[in-house]
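need a 3D model of the sequence below.
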Amino acid sequence: MRKLALVMAGWLTGLAGRGAAAPAVATPGTEPYALARQRMVAEQLVAPGRDITNLQVLAVMGRVPRHEFVPERLRPDAYQDRPLPIGQGQTISQPYIVAFMTEQLEPKPTDRVLEIGTGSGYQAAVLAELVAQVYTIEIIDELAQRAAADLKRLGYTNLHVRAGDGYQGWAEAAPFDAIIVTCAPERVPQPLIDQLKDDGRIVIPVGRASNQELVLLRKRGGKLEQRAVLPVSFVPMTGEAQGKPEGRNPKTEVKPKSNPKTM
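Purely as a prediction, here's the structure:
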C-alpha cells in the first residue's frame, strides 16, 4: 500500500514538473476498487513503455469506475491489463487502449465528441468527464440499452446514446470537434470525415482483423492528414461497413426506463 502511494506521488510530481498542475488522486477509502484503479494508473498507464502523460486523462482513468461497466461476475478482474467480454461477442477494451486513444484524441473541455461503438459505455464515460458533450452510437440494441442505463445510473448528464449503425455518424448533431471509433472498418467511413470540423481529430482502428492499425486523422483546410500510431486488434465494424443493412439509425436516442440485468 505504502509502496503504491509512493509510486503515485512520484509520477504526479514528475508530471507536475513539466509545467502543469497534478490531478488529485483519491486515497483508497470505502470504495473497494479505488486502490485497484490507482494501481492500474501507476502500472499500466504511466509505467515505462506505456507513457500516458496527459494529466487530465490520467486523473479521469483513476476516477471512472470501470468495474461498473463489466458483468458482475467479472468485476474482480475489471482493472486487469486486458480486455473483458461484455456479451454479444463484444469486449470492453484494455485500460491502456482506452487511455491511449483518449490521449491521442486531444480532448478539450469545450469539445463535442462522437463515439462509434458504445459497447459497455466505459470509453464514453471517460470522454464525458473531459469534454462538453458526447454522442455515442451502438449497433447492438441490447448493449446500447444497457450502456445508456448504466451511464444514467452513474450520473452522466452530457451523454447521448443511440442504437443504430454508426457508419453514417450522427448528422443531426454534427459537426464534431473529435470522433473516436472503437470498432474497425476496412477504411474510414466518408460520413465521419464529412461530420468532422476543420482542425478536428479522428482516432480509428482501420484494417482487417489480422492487420489493423490505429490511425489518427486531422482535418486541416478541408484536407486530411493521416498517420498510423499503433498496431491494434478490434472487433470489426458491422452493418453498412460490411455491406449489410441490418444496422438501424433511428431519429431518437435511447431513453432507458430502468437498468437492465447484469450478465
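
and residue 89, how far from residue 97?
Separation of residue 89 from residue 97 (C-beta to C-beta, to the nearest Å) stands at 18 Å. For every residue, glycine as well, the C-beta is placed using N, CA and C.

neighbour-wise, which of the two wins?
Per other C-beta atoms under 10 Å, whichever of residue 89 and residue 97 has more neighbours is residue 97, with 19 against 9.

list the residues that contact the more buried one.
83, 232 (C-beta atoms under 8 Å, 6 or more residues apart in numbering).

now it: phi and psi?
phi -60, psi -40 (degrees, to the nearest 10).

pretty sure residue 207 sits against residue 214.
No - between residue 207 and residue 214 there is no contact under C-beta atoms under 8 Å: 9.6 Å.

per-residue pLDDT, residue 83?
Looking at residue 83, its pLDDT is 95.

quick check, it in contact with residue 95.
No - the criterion here is C-beta under 8 Å, and residue 83 misses it with residue 95 at 9.2 Å.

ok, those two, which is more surrounded?
residue 95 (26 against 17).

so who does the spatially closest residue to residue 54 that is not a sequence neighbour touch?
Distances taken as C-beta to C-beta, 6 or more residues apart in numbering place residue 103 nearest to residue 54, at 4.6 Å, with adjacent residues excluded. Contact analysis of residue 103 by C-beta under 8 Å, 6+ apart lists 52-54, 57.

which of the residues you listed are buried? Put it as a ChimeraX command.
Here is the ChimeraX command that selects the buried residues among those (16 or more other C-beta atoms under 10 Å):
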select :52,54,57
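
what is the most widely separated pair among the contacts of residue 103?
53 and 57 (8.5 Å; C-beta to C-beta).

so what are the domain limits for the protein?
1-63, 80-263 (automatic domain parsing).

including distance to residue 74, could those domains go into JSON lines?
JSON lines is the format used below for those (distance: least, C-beta to C-beta, whole Å):
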{"stretch": "domain 1-63", "distance to residue 74": "13"}
{"stretch": "domain 80-263", "distance to residue 74": "5"}
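
and those domains, which is most packed in?
Most buried of the domains of the chain, by mean neighbour count (mean count of other C-beta atoms under 10 Å): domain 80-263, with a mean of 18.

centre-most residue in this structure?
residue 123 (2.4 Å; C-alpha atoms, centre = their mean).

re earlier: lowest-confidence stretch among the domains of the chain?
domain 1-63 (a mean of 72).

mind listing the helices in the stretch 51-200 of the chain by residue range?
Along the stretch 51-200 of the chain, the segments classed as helices by DSSP state H, counting those that start in this stretch run 55-61, 95-105, 122-128, 141-153, 190-194.

which one of those lies nearest to residue 203?
helix 95-105 (5.0 Å).

check contacts around the spatially closest residue to residue 91 that is not a sequence neighbour.
Counting by C-beta to C-beta, 6+ apart, residue 83 is the residue found nearest to residue 91 once chain neighbours are left out, at 4.2 Å. Taking C-beta under 8 Å, 6+ apart, we find residue 83 in contact with 91-94, 97.

cool, residue 33 as well?
65-67, 75, 78-79.

among those, who's most crowded?
residue 66 (23 neighbours).
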